[in-house]
Structure formats: C-alpha cells, structure tokens
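>>> With the sequence up front, the predicted model follows.
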Amino acid sequence: MTPKFIAIIPSRYGSSRFAGKPLADIAGKLMIQRVYEQVIQAVDEVWVATDDERIAEAVRKFGGNVVMTSVDCRSGTDRCAEAVGKIMSETGKIFDVVINVQGDEPFIKPAQIRILQKPFVADEETEIATLIQQIRQTEVLLNPAEAKVALDIHGNAIFFSRLPIPMVFKSEQAEWLKNFDYYCHVGIYAYRTDVLEKLSKLQEGLLEKAESLEQLRWLENGYRIKTEVTDHATVGIDTPEDLKRIVAEGIEKYYAGG
C-alpha cells in the first residue's frame, strides 16, 4: 500500500540574523507562501507549523493550512512531531510519512520532494530519509558550514561531519575529489510518523554536541537514515543581504530546472 504523505513547514518568526524572515517579501509574495507553493506541487497535504500568530494569519490569508505549536520546541523536527500529532487528532486523517521542509527555502524543487518519497514507497522498513548532493568543489568539501556524509553500500548514512569524511590517505587535499565521491547533506528530511514521535523524545547526544548536527542524535540511537541523491542545490535565505542579492539577480533563475 502506498504510504500517505504530509509535508510540514516549521516556521518561526524569531531569527538572530533575520527577524520576521517567513514574512519577508520576495518579489511580491511572502517567503513562506513561496515555500508552500513549491511543496504543494509534490505533496497533497501541506501544513505550516508555527508558534507565531503573525505567521499563522499570513498563511490563512493566502489559503494555506496552518497549525499552532509550542514556543518551546527545540528544533524543526520537534515542531513537526507536535504538528502532525495535532493535525491527525483534529482532522481524523492518518499520515504514514512526514516530510520536513525548511521554511527559508522558497526555491525548493518539487522534484526534490518527490525523490524523498521514493524510499518509503519502495521499502516499508525505511525509517528516515534525507537528500544528499555530490560535492564537486574543494571549497565546499572544506567548508565546515556544509555537512558531509559517509554512506554504506546500501545508501544509508554512516556518519555526518563538518569535516571532509573520509580523508583520502596519502593524497593531497586538492586531489581528494578526484579520488573519492564526496557528498554533502541537503537539509530536507522525511520520517515515518511513529519514528518521528520517538525521535522527538530523544536527548541530545554526544556526537550531536560535538558536531552540532541534529541527525547524529538519531544515528547514535540506532536509527537508519536512507539517502537519495539530488542534482539540485538548495538556496536558503539566512540574512536580509541574501534576500537582496537573490532579488537583484532575478528570482526566475532560481526556479529553473525544477
């Protein structure tokens, strides 16, 4: 039986680098609306999960689904867990898989959302899935802001790190990409609904504290994370400067190829 999917977009108003980011105007549409409109092309059921009434009202205004969640959620994962529980309770609908889409990626490709659904359709034992992209530039490989991932032969994540993993022994760093296929993590997740509930109850792990990568908490507790390769880089907007640059360049190019 094909699993029933729901996409949830966690959205907070507060941000140290860009307050009110979900309500930022991008060429005539709010950022959260642009994210929503991209995701709804790939999933029948999409909800915004927020703790801020300003965001909720904006979503209702453009006709989207919204659910209010606690201000105490530790992460987007926890917000998704609370949100899907409330949505199923209030609507009576049952969802097998939750797709977590970050609220600051207005140019996410519908194709990426569809790819992320594949492992759950193919294998009912899939617990968690995420996207990865092959690294082709040494600057990306060495950038600690980009999480790298090591894989097993089945495409499951073995480890995530801000450092290049693995190192190519007896080879100069400049040559590593010629000798090994490296992948970086693309921060979009999907989880079985029952697994998501369990993840939200886990305590922060030692590996997670060391690397500041939430997904290491799941690996450290024995969960498997299936990966799917995407050819599209995500375009997150972290600061007002990012937004100004993207608008100045023309947003049409960011929607191309999706």
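Okay, I see it.

>>> so where does Glu139 fall, helix or strand?
According to DSSP states H and E, Glu139 maps onto helix 138-141.

>>> List of residues touching that helix?
Outside of helix 138-141, the residues within contact range by C-beta atoms under 8 Å, 6 or more residues apart in numbering are 135, 146, 148, 164, 173-174, 176-177, 182, 184. From N, CA and C alone the C-beta is placed, and that goes for glycine too.

>>> Buried ones only from those, please, as a PyMOL command.
Applying 16 or more other C-beta atoms under 10 Å to these leaves a buried subset, and the PyMOL line that selects it is:
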select buried, resi 135+146+148+164+176+177+182+184
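
>>> Keep only those of the contacts of helix 138-141 that are in helices.
176-177 (DSSP state H).

>>> picking up where we left off before, and the helix holding Glu139, how far out from the chain's middle?
The chain centroid and the centroid of helix 138-141 are separated by 21 Å under C-alpha atoms, centre = their mean, to the nearest Å.

>>> And for stretch 103-118?
The answer for stretch 103-118 is 9 Å, by C-alpha atoms, centre = their mean.

>>> what do you get for stretch 91-105?
So, by C-alpha atoms, centre = their mean, the centroid of stretch 91-105 is 11 Å from its chain's centroid.

>>> I'd like the average pLDDT over it.
For stretch 91-105, mean pLDDT rounds to 95.

>>> buried set for it?
Judged by neighbour count using 16+ other C-beta under 10 Å, the buried positions of stretch 91-105 are 95, 97-105.

>>> and the longest helix seen in the chain, C-alpha only, in CSV?
Using DSSP H to define each element, the chain has its longest helix at helix 76-91. The C-alpha atoms that make up helix 76-91 are tabulated as CSV, following Å, rounded to 0.1, in the frame of the first residue of the first chain:
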residue,chain,number,x,y,z
GLY,A,76,12.1,21.8,13.5
THR,A,77,11.9,18.1,14.0
ASP,A,78,10.2,18.5,17.3
ARG,A,79,7.9,21.1,15.8
CYS,A,80,6.9,18.6,13.1
ALA,A,81,6.3,15.9,15.6
GLU,A,82,3.9,18.1,17.6
ALA,A,83,2.3,19.4,14.5
VAL,A,84,1.5,16.1,12.9
GLY,A,85,0.0,14.8,16.2
LYS,A,86,-2.3,17.8,16.4
ILE,A,87,-3.2,17.6,12.7
MET,A,88,-4.2,13.9,12.9
SER,A,89,-6.1,14.4,16.1
GLU,A,90,-8.0,17.4,14.8
THR,A,91,-8.7,16.2,11.2
